[in-house]
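J.: Pasting the sequence and the predicted coordinates here, then a few questions.
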Amino acid sequence: MDIIDVGLYASYLLIALCAVAAIVIPLAQSFGDPQSLVKSGIGLGVIVVVFLISYAMADSVTTNKEVTEGAAKLSGAGLIAMYIFFFIALIGIVYTEISKLLK
């Protein structure tokens, strides 16, 4: 094992620690303010609903024999969800700019 392997393992460990900290610290702080936890839950629920809608709309047809129908459906659902979120963000940006212009 040379120095590069040690550096890679150290970076893997640090990435894992940062990922755990990014999840645990906001959760610990939100228990002090339950209202923020409810808002986060609503946002997560909206994301799940949009993905379920996009999964229902997705096709499972594939011309590639190496790609399964399930993988094609998940890929299509991800693309449709991305389009939905893109247009929601675009509408939000336009609305914000127009409302600033009118003030």
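T.: In hand now; what should we look at? Residues are numbered from 1 along each chain as shown.

J.: measure residue 15 to residue 66 for me?
T.: 30 Å (CB to CB, to the nearest Å). Heads up, the C-betas are built off the backbone N, CA and C, glycines and all.

J.: Which strands or helices does the longest helix along the chain pack on?
T.: The residue-count maximum for a helix in the chain (DSSP state H) belongs to helix 69-102. The helices and strands touching helix 69-102, judged by 3 or more CB pairs under 8 Å, 6 or more residues apart in numbering; DSSP states H and E, are helix 34-57.

J.: what's the helix it packs on in contact with?
T.: Helix 34-57 has contacts (CB atoms under 8 Å, 6 or more residues apart in numbering) with 30-31, 73-74, 76-78, 80-81, 84-85.

J.: Just send those back as CSV, with neighbour count, pLDDT and distance to residue 10 too.
T.: Output for the contacts of helix 34-57, formatted as CSV (neighbours: other CB atoms under 10 Å; pLDDT from 0 to 100; distance: CB to CB, whole Å):
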residue, neighbour count, pLDDT, distance to residue 10
30, 16, 82, 31
31, 9, 83, 32
73, 17, 95, 39
74, 15, 95, 34
76, 18, 95, 39
77, 21, 96, 37
78, 14, 96, 33
80, 19, 97, 40
81, 19, 97, 36
84, 15, 97, 40
85, 15, 97, 35
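
J.: buried set for the stretch of helix or strand residue 27 belongs to?
T.: Secondary-structure element containing residue 27, defined by DSSP states H and E: helix 3-30. By neighbour count with 16 or more other CB atoms under 10 Å, helix 3-30 contains the buried residues residue 30.

J.: how much does that helix deviate in direction from helix 34-57?
T.: Comparing the axes of helix 3-30 and helix 34-57 via axes from the mean of the first three to the mean of the last three CA atoms, to 10 degrees yields an angle of 120 degrees.

J.: still on that earlier bit, would you mind listing the buried residues in the longest helix of the chain?
T.: For helix 69-102, by 16+ other CB under 10 Å, it's 72-73, 76-77, 80-81.

J.: ok now it, how far from the chain's centre?
T.: Computed by CA atoms, centre = their mean, to the nearest Å, the chain-centroid distance of helix 69-102 equals 12 Å.
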